[in-house]
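how would this look folded up:
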Amino acid sequence: MDIAKTRLETIQKPIFSFIFICIVIYVVYMIYTKYLKKKIMGNKYLLFSNKNTRSPLLIPNNEIKTNKDKDENINNTIGRLQNPLDEYSFTLILKMNIEEYYTNMGYWKHILHKGTKSSDLYESTKYNENEWELIKKEYNYMCPGLWLHPSENKMRVVFDVFQLEDVQSEEHALQISSVTELTPIERKTQGFPLIKQEIIDIPDIPLKKDTTIIIEVDRTSVSIRIDGKYKIFHTLSGLIKINNGPMEVHKKPTYNGKIIECTFIPKIVSKEELKNFL
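Prediction:
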């Protein structure tokens with residue numbers, strides 16, 4: 001009996017040791033991938049970090065700067081704004097915290113947009129929920145653009161897309177029946193293809209917590225995830241039109257809260273890579 005017990009203990013010891021080593025390796029791996037990997041390897045696509053809504057931010061297109069926010073005494077590194085590698089696809093990853101929804105209640109609240117430059121970032125031009133057309137007029141180009149709804153818990157995402165629309169021949173000097181009949185030079189001369197602003201509204205954005213919003217644009221397909229879970233799939237009516245304008249962040253009026261990290265990747269990334277940002 002004692003011999004059998006001794007043999008059993010002899011067998012069990014290496015098994016328990018192996019299990020213990022596996023658990024330790026797993027824990028170390030999880031800590032590395034979740035907390036250390038990004039710090040060690042860095043994030044070359046990071047545009048800025050730790051930016052609250054007290055002061056707006058302007059990021060010139062295709063420039064690298066380092067800006068020190070004196071109010072918060074935090075270094076905000078502004079990275080390179082790169083256009084999509086294939087001209088049409090990108091991934092925007094926004095980690096933010098909306099403290100409350102009552103600041104500037106009743107008016108559209110600016111988060112960020114890339115495109116038309118404001119005359120004054122600090123100048124507050126307020127538009128209520130029925131005046132979105134005025135925002136479209138003021139910001140001719142937004143791709144992408146992010147706004148919070150004046151009175152509902154919704155985030156509006158804006159894209160400029162190429163829109164090939166049919167043209168009434170009697171209304172056109174070239175007497176054509178369709179835009180597709182125009183040569184590329186004629187389209188450019190006549191202002192074709194048309195640029196149309198397309199919007200997607202994301203409902204139920206979490207409040208008072210760190211939230212990661214991932215917007216993937218794959219040519220004409222858009223997928224939006226919140227904290228890793230798919231929220232919206234959308235098909236655009238045309239290819240997106242990336243502009244050469246700067247990115248503006250927290251233009252007045254805006255919400256109350258902060259953007260913890262904003263990452264703009266000029267391509268579609270794998271699911272494994274996305275895990276590094278959650």
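
When you work out contacts or count neighbours from here on, use the C-alpha atoms and nothing else.
OK.

So for Asn130, what's the pLDDT?
Looking at Asn130, its pLDDT reads 94.

Any idea how many residues pack against it?
Each residue near Asn130 was counted by other C-alpha atoms under 10 Å, and the total is 11.

swap in Ser124?
If you count neighbours by other C-alpha under 10 Å, Ser124 ends up with 11.

That one: helix or strand, and which one exactly?
For Ser124, there is no host helix or strand (DSSP states H and E).

Flag the shaky bits of this protein, pLDDT-wise.
1-13, 15-17, 29-42, 62-80, 164-193, 278 (pLDDT under 70).

From the recorded domain assignment, give the ranges for it.
The chain breaks down into these domains under automatic domain parsing: 1-42, 43-163+193-277.

Mean neighbour count, those: which tops it?
domain 43-163+193-277 (a mean of 18; mean count of other C-alpha atoms under 10 Å).

distance between the ends of that one?
10 Å (C-alpha to C-alpha, to the nearest Å).

Now do the SS call for Val27.
helix (DSSP: H, G, I helix; E, B strand; the rest coil).

How about Tyr127: what's its closest non-neighbour residue?
Tyr107 (5.3 Å; C-alpha to C-alpha, 6 or more residues apart in numbering).

Now the one you found: phi and psi?
phi -130, psi 150 (degrees, to the nearest 10).

residues in contact with stretch 101-109?
With contacts defined as C-alpha atoms under 8 Å, 6 or more residues apart in numbering, stretch 101-109 is touched by 126-129, 147-151, 153, 252-256.

Would you mind writing the CA trace of it as CSV?
Output of stretch 101-109 as CSV, limited to C-alpha atoms (Å, rounded to 0.1, in the frame of the first residue of the first chain):
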residue,chain,number,x,y,z
TYR,A,101,-24.1,64.2,-21.8
TYR,A,102,-25.5,67.5,-20.6
THR,A,103,-22.7,69.9,-21.6
ASN,A,104,-24.0,71.9,-24.6
MET,A,105,-27.3,70.0,-24.5
GLY,A,106,-29.4,70.6,-27.5
TYR,A,107,-26.5,71.3,-29.9
TRP,A,108,-24.3,69.1,-32.0
LYS,A,109,-21.1,68.3,-30.1
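
so where do the strands sit in the chain?
Secondary structure of the chain (DSSP state E): strands located at 46-52, 57-59, 65-69, 74-78, 90-100, 109-115, 142-148, 154-163, 194-203, 211-218, 221-226, 229-235, 247-249, 256-265.

List the contacts of the closest residue to Ile199 other than its chain neighbours.
Counting by C-alpha to C-alpha, 6+ apart, the nearest residue to Ile199 once its immediate chain neighbours are dropped is Val158, at 4.6 Å. Going by C-alpha under 8 Å, 6+ apart, Val158 touches 142-146, 197-200.

about what we covered before: restricted to helices, list the contacts of stretch 101-109.
The helices, defined by DSSP state H, take in nothing from the contacts of stretch 101-109.

What separation do you get for the residue nearest to Tyr127 and Ser151?
Distance, Tyr107 to Ser151, by C-alpha to C-alpha: 7 Å.

Mind listing the shared neighbours of the two?
Contact with both Tyr107 and Ser151 is made by residues Glu129, according to C-alpha under 8 Å, 6+ apart.

in the sheet, who's paired with Ser49?
On the basis of DSSP bridges, Ser49 is bridged to Glu261.

Specify the beta-bridge partners of Arg156.
Bridge pairing for Arg156 - DSSP bridges - gives Trp147, Asp201.

you'd agree it is up against Leu148?
Yes - using C-alpha atoms under 8 Å, Arg156 is in contact with Leu148, at 6.0 Å.

so who does Ile135 touch?
Tyr127.

Now do it against Leu194, distance only.
19 Å.

same check, this time on Met142
Met142 sits 15 Å away from Leu194, going by C-alpha to C-alpha.

which residues touch the closest residue to Ile240 other than its chain neighbours?
Spatial nearest neighbour of Ile240, chain neighbours left out: Val161 (4.1 Å); criterion: C-alpha to C-alpha, 6+ apart. Val161 is in contact with 195-198, 236-241, counting by C-alpha under 8 Å, 6+ apart.

repeat that for 6 Å
195-196, 238-241 (C-alpha atoms under 6 Å, 6 or more residues apart in numbering).

does it have beta-bridge partners, and which?
Here Val161 sits in beta bridges with Lys196, Ile240, going by DSSP bridges.
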